[in-house]
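Enquirer: the sequence and its predicted three-dimensional model are supplied below.
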Amino acid sequence: DSGVTQTPKHLITATGQRVTLRCSPRSGDLSVYWYQQSLDQGLQFLIQYYNGEERAKGNILERFSAQQFPDLHSELNLSSLELGDSALYFCASSVEAGPDYGYTFGSGTRLTVV
Amino acid sequence: LAKTTQPISMDSYEGQEVNITCSHNNIATNDYITWYQQFPSQGPRFIIQGYKTKVTNEVASLFIPADRKSSTLSLPRVSLSDTAVYYCLPKNTGFQKLVFGTGTRLLVSP
């Protein structure tokens, strides 16, 4: 158990639907990152939040949005889903600064759009 | 962010030492080099991080020459369970998104 919790582990939904993926960061970590990994593709950075505020944005589609709540958990909302959105979605968290020994990833949510 | 280049794949046998080299010619002065391991359908796992010379932990060693234009991850006596994708990434000491390349797919055979 890495300390980063992602729910649900698996999600199957139809095209056009909306889903919410949830991430609870490791205790003490203020920053949350979301990544998408499609079949046979690398990890694509989507978005980063730090202590509730958006810090950096990657190639995140307009149909996708995210937020980080006061308790530091984060949610990734995917809407108007398309078949191509089927992927593994990972959340990672990190400490703020100082001696940093890496980012901790969750076990991911596997989204299947049918 | 510095661009990194790694071999796409490597093959090895159980018990051998595996060295994976990553080149990062334009690494910034305040960048560290971090390595992650990813098993299929799992999130990447931090392995090791270094700035210069040699760093060793219970899992691996990391060699970074004085010019810091490359780094080598060394896995001693690999086992079948070391079969995974290994990513080399530059990272500075502040917050930043990690940009993953294609990584090196290591296959360990009996």
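Expert: That came in fine, so what should we check first?
Enquirer: chain center to stretch B:21-34: distance?
Expert: The chain centroid and the centroid of stretch B:21-34 are separated by 11 Å under CA atoms, centre = their mean, to the nearest Å.
Enquirer: so B:Leu106 is in which element?
Expert: Secondary-structure element containing B:Leu106, defined by DSSP states H and E: strand B:104-109.
Enquirer: for the residue located most distally from the centre of chain B, give me its contacts.
Expert: Most distant residue from the mean C-alpha position of chain B: B:Pro110, 22.7 Å away (CA atoms, centre = their mean). By CB atoms under 8 Å, 6 or more residues apart in numbering or on different chains, the contact set of B:Pro110 is B:13-14, B:80. Backbone N, C-alpha and C define where each C-beta goes, glycine included.
Enquirer: in strands, which of those residues fall?
Expert: Judged by DSSP state E, the subset of the contacts of B:Pro110 located in strands is B:Tyr13.
Enquirer: using PDB, list the CA coordinates for stretch B:14-27.
Expert: Extracted C-alpha coordinates of stretch B:14-27, given in PDB (Å, rounded to 0.1, in the frame of the first residue of the first chain):
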ATOM      1  CA  GLU B  14      18.100 -14.000 -13.500                       C
ATOM      2  CA  GLY B  15      21.000 -13.300 -11.300                       C
ATOM      3  CA  GLN B  16      22.700 -10.900 -13.700                       C
ATOM      4  CA  GLU B  17      23.500  -7.200 -13.100                       C
ATOM      5  CA  VAL B  18      21.500  -4.900 -15.300                       C
ATOM      6  CA  ASN B  19      22.600  -1.400 -16.200                       C
ATOM      7  CA  ILE B  20      20.200   1.000 -17.800                       C
ATOM      8  CA  THR B  21      21.700   4.200 -19.100                       C
ATOM      9  CA  CYS B  22      19.800   7.400 -19.700                       C
ATOM     10  CA  SER B  23      21.100  10.500 -21.500                       C
ATOM     11  CA  HIS B  24      20.000  14.000 -20.500                       C
ATOM     12  CA  ASN B  25      22.400  16.300 -22.300                       C
ATOM     13  CA  ASN B  26      20.600  19.600 -21.300                       C
ATOM     14  CA  ILE B  27      19.900  18.800 -17.700                       C
END
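Enquirer: pull out the buried positions in that stretch.
Expert: Buried positions in stretch B:14-27, judged by neighbour count with 16 or more other CB atoms under 10 Å in any protein chain shown: B:18, B:20-22, B:24, B:27.
Enquirer: now those in JSON lines, with distance to chain A, pLDDT and secondary structure?
Expert: Shown next, in JSON lines, are the buried residues of stretch B:14-27 (distance: CB to the nearest CB, whole Å; pLDDT from 0 to 100; DSSP: H, G, I helix; E, B strand; the rest coil):
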{"residue": "B:Val18", "distance to chain A": "20", "pLDDT": "98", "secondary structure": "strand"}
{"residue": "B:Ile20", "distance to chain A": "16", "pLDDT": "97", "secondary structure": "strand"}
{"residue": "B:Thr21", "distance to chain A": "19", "pLDDT": "96", "secondary structure": "strand"}
{"residue": "B:Cys22", "distance to chain A": "15", "pLDDT": "95", "secondary structure": "strand"}
{"residue": "B:His24", "distance to chain A": "17", "pLDDT": "90", "secondary structure": "coil"}
{"residue": "B:Ile27", "distance to chain A": "17", "pLDDT": "88", "secondary structure": "coil"}
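Enquirer: ok, residue 67 - contacts?
Expert: You didn't say which chain, so I picked chain A. A:Gln67 sits next to A:49, A:74-75 when contact means CB under 8 Å, 6+ apart.
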